[in-house]
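Trainee: got a sequence here, can you model it:
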Amino acid sequence: MTSALGRRLWIIVGAALVLTALLVFIGGRNSTARVAVADVVRENLSSVVSTNGKVEPVAPVSFRARYPTFVQHVYVVEGQQVKRGQTLFVLDDTEVQADLAQARADLAAQQEALNVAKAGGHASQLAKAAADLQKAKASRDLLKRDNESLSKLVSQKAATPAELEQNKLQLTQAEADVQASEKAKQTLEQQAQLDQGRVGLQVEHARASVRDLEDRLNSAHGRAPSDGTLYSFPIHQGDFVKAGDLLAEMANLHQLRIRAFIDEPELGQIDLDQTVEILWDAHPGQIWNGRTEALPKQVVTRGTRSVGELLCSVTNERLDLLPNTTVDVRIHISERPSALVVPRGAVFIDGDKRFVYRVEDNRLHRRMIKVGIANPTKMEVLSGLNENDVVALPGEAILKENLRIIPVRQE
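Mentor: Residues are numbered from 1 along each chain as shown. Next up, the predicted model:
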């Protein structure tokens with residue numbers, strides 16, 4: 001009795017499980033999911049590389065302090081448009097002027113010393129050496145003549161040998177005096193040549209000192225070398241500045257340069273004269289247009305990225321794009337007029353193939369496609385879809401073949 005009851009109980013439980021599974025299966029076949037969809041349309045499509053970059057002036061002019069001093073006067077403010085030759089600031093140059101006067105006096109003294117060296121030495125020394133040599137030669141020549149006369153007189157017994165010997169001793173001394181005078185004169189001339197090289201170096205050093213001080217004196221009066229915008233002016237009247245401190249930066253900001261940082265895998269798409277769009281968060285919705293003008297020459301590390309630095313020229317007619325700001329850069333690689341496009345999110349990857357889920361009678365059907373160019377939001381379809389086809393977009397529901405859906409169009 002108990003055994004029969006147990007069998008009946010197991011039969012009832014098994015039947016319930018089968019019924020439950022059947023109901024789940026039937027319910028799954030008839031269930032629907034709300035899935036976002038998009039139309040396949042034709043529109044002009046650009047392939048774009050998006051990155052960030054930094055704004056730079058094309059030919060900036062920087063003013064830096066050449067020596068430690070105080071800011072005496074300022075005549076402009078940051079952001080001001082300045083004209084060529086306009087005075088921007090004046091630094092205290094009292095000490096530089098005194099140093100320059102002393103340096104010019106030192107240069108004049110060194111130049112005088114160089115002229116003396118080129119002339120062979122001081123005139124008085126040269127004159128004395130020449131006179132001493134001439135006197136020594138005259139005395140020697142007189143003793144030579146006396147020697148000849150005494151030799152004849154001794155042979156004629158008209159003079160004694162002692163007188164002749166005395167004359168020879170005097171002649172020997174006279175020869176020595178001539179040689180000493182010649183050596184003294186030669187020494188003066190050699191010293192003059194040495195002095196000429198040494199003093200010549202001193203003159204060049206003095207000239208360099210004068211030029212450096214003149215440059216410092218000129219730098220104390222900051223004047224604009226051309227028309228432009230004073231985009232950096234960190235000094236104020238009375239400030240103390242050290243050598244090398246930045247005083248001002250200016251440039252013509254109507255034409256700027258963007259240094260765009262291109263990730264290494266995308267460098268092969270970049271070429272000269274491609275269209276560039278610049279966006280800056282400070283001016284939402286505004287776009288500055290430019291062109292690529294200098295390709296990267298190397299790959300460098302920037303944070304966690306390996307990038308090439310691409311230079312782009314950008315027109316800034318309203319002067320509202322500022323140097324040293326960080327901007328977004330969009331480089332248009334190629335253009336496709338009237339391309340057949342789908343949202344990029346609708347395209348799925350299977351190995352080296354691409355596919356979408358095409359919507360037919362509110363059911364999904366996997367469709368293989370071939371793609372062309374793409375931008376961050378859309379992708380060109382070369383084959384596999386037609387205009388006005390509808391494709392599914394990923395969302396909460398898991399997309400799969402033959403899934404029944406309720407299409408939801410995004411606004």
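
Trainee: what comes up buried for the helix or strand hosting residue 355?
Mentor: Secondary structure here is read from DSSP states H and E; on that basis residue 355 sits in strand 353-360. For strand 353-360, a neighbour-count test (16 or more other CB atoms under 10 Å) marks 354, 356-359 as buried. C-beta here means a position set from N, CA and C on the backbone, and glycine is covered the same way.

Trainee: repeat that for stretch 46-57.
Mentor: Of the residues in stretch 46-57, those buried by neighbour count under the rule 16+ other CB under 10 Å are 46-49, 51, 53-57.

Trainee: just send these back as TSV, with secondary structure too.
Mentor: As requested, the buried residues of stretch 46-57 are arranged in TSV below (DSSP: H, G, I helix; E, B strand; the rest coil):
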residue	secondary structure
46	strand
47	strand
48	strand
49	strand
51	strand
53	strand
54	strand
55	strand
56	strand
57	strand
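
Trainee: arrange the residues you listed in CSV, one row each, with distance to residue 253 and pLDDT as further columns.
Mentor: What follows is the buried residues of stretch 46-57, written out as CSV (distance: CB to CB, whole Å; pLDDT from 0 to 100):
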residue, distance to residue 253, pLDDT
46, 28, 83
47, 31, 85
48, 26, 87
49, 26, 89
51, 23, 94
53, 16, 97
54, 15, 97
55, 9, 96
56, 11, 95
57, 6, 95
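
Trainee: show me the beta-bridge partners of the residue nearest to residue 57 when sequence neighbours are not counted.
Mentor: Excluding the flanking residues, the one nearest residue 57 by CB to CB, 6 or more residues apart in numbering is residue 251, at 3.4 Å. Going by DSSP bridges, residue 251 is paired in beta bridges with residue 229.

Trainee: residues in contact with residue 251?
Mentor: Under the criterion of CB atoms under 8 Å, 6 or more residues apart in numbering, the neighbours of residue 251 are 57-61, 228-229, 231, 323.

Trainee: give me the secondary structure label for the residue located most distally from the centre of the chain.
Mentor: Of all residues in the chain, residue 157 has its C-alpha farthest from the mean position, at 101.9 Å, by CA atoms, centre = their mean. Using three-state DSSP as the criterion, the local structure at residue 157 reads coil.

Trainee: now do residue 273
Mentor: Assigned state for residue 273: coil (three-state reduction, three-state DSSP).

Trainee: now do the helix of greatest length in the chain: distance to the chain's middle.
Mentor: Longest helix in the chain, counting residues (DSSP state H): helix 161-219. Distance, stretch centre to chain centre, for helix 161-219: 54 Å (CA atoms, centre = their mean, to the nearest Å).

Trainee: which other residues reach the next helix or strand after that helix?
Mentor: On the C-terminal side of helix 161-219, the nearest following helix or strand under DSSP H and E is strand 221-223. Under the criterion CB under 8 Å, 6+ apart, residues 63, 85-91, 247-248 lie in contact with strand 221-223.
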